[in-house]
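Asker: below are the sequence and a predicted model; questions follow.
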Amino acid sequence: MRSLTRPLAALCLFASLWPAAAAAQGFSALVSPPRFEDRAQPGSVYRNVVEITNVSARAARYTLKTADWTIDGNGAVAFDTALAPGSCRPWVGLEAAQIDVAGNGKRRYRFEVAVPKDAPAGECRFAILLEGAPENVGGALALPVAGRIGIIVYLGIGDAAAKLRVIETTTAQVEGQRVPVLRVRNEGNAHTRLEGLVDGIDAKGRRYGLQPSSLPILPGETRTLALTPQADDANAPAPTLAYPLQLKGALEWDRQTLPLDQRLTP
């Protein structure tokens, strides 16, 4: 990981606009955005900014470093500061390894990715870990605990793109309800997420829009994604489907479509 010593130009924040938050004893922080999804060309330097907010009344000191990460079938992310094989983290420069933010204050924190000229098409994925100072918790058997937020970065290099293939369309119990699920293989060299709604008509003739899970599908990964029926009222629980269920329509990713036309039994 390189130190960042020259000025950086701030780019527009990309992807989710919802801030990530973490709190552990005295550690109270927000970051926005919690995720970057963007592109860069070989030989270029990608630059961006994350806004860090200290929501505590007390001044806070944070350490920042990069990490590699993995994600499991339930969407839980695990971070590892050991350099993974093929990691692009040596390309990454951070503004500082440690920063101070005043109570109820904000700090714009800069990072960059210097993409080598000979970098092949693919995806540079890493995390920036924001950590507070460890604090002892637990009374007589106190243990040091530190709060942490992981800011995820996906940077597509060159013409990197996802290539999806549906391996199986079936049903499964998800959060107490049997719903359609797709087993999708990403044979490309960049991640993606399925978006949109597909129509479902159940055994009682009721029509629903079914929305896919928003979990990322990484290159070389096969992921199982649930299709959840959407209620007319956003605050109502998901409707219970009566099988057999007819699926018809198409989901989308990266300006491409994934057509679905299948009858499912439980």
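Answerer: Thanks, I have the structure now.

Asker: can you list the domains in this protein?
Answerer: 2-157, 164-264 (automatic domain parsing).

Asker: worst mean pLDDT among those domains?
Answerer: Here the lowest mean pLDDT among the domains of the chain goes to domain 2-157, at a mean of 83.

Asker: for that domain, the distance to its chain's centre please.
Answerer: Distance of domain 2-157 from the chain centroid (CA atoms, centre = their mean, to the nearest Å) equals 13 Å.

Asker: likewise stretch 223-238?
Answerer: 20 Å.

Asker: please point out which parts of it sit buried.
Answerer: 223-230, 238 (16 or more other CB atoms under 10 Å). The way it works is simple: take the backbone N, C-alpha and C, and place the C-beta from them, glycine included.

Asker: got a list of contacts for that stretch?
Answerer: Applying CB atoms under 8 Å, 6 or more residues apart in numbering, the external contacts of stretch 223-238 come out as 73, 172, 174, 177, 179-184, 186, 194, 197-198, 200, 208-213, 215, 217, 239, 241, 247.

Asker: one more: stretch 254-264?
Answerer: Against stretch 254-264 from outside (CB under 8 Å, 6+ apart): 161-162, 164, 166, 169-171, 180, 184, 192, 194, 198, 243-252.

Asker: now it: buried residues?
Answerer: In terms of neighbour count (16+ other CB under 10 Å), stretch 254-264 has its buried residues at 258, 260, 264.

Asker: Ala84: which of those is nearest?
Answerer: Ranked by distance to Ala84 (CB to CB), the buried residues of stretch 254-264 are led by Leu258 at 29.7 Å.

Asker: what's opposite the closest one in the beta bridge?
Answerer: Leu251 (DSSP bridges).

Asker: give me the buried stretch members for stretch 216-223, please.
Answerer: 216-219, 223.

Asker: could you dump those to TSV with secondary structure?
Answerer: Formatted as TSV, the buried residues of stretch 216-223 follow (DSSP: H, G, I helix; E, B strand; the rest coil):
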residue	secondary structure
Pro216	coil
Ile217	strand
Leu218	coil
Pro219	coil
Arg223	strand
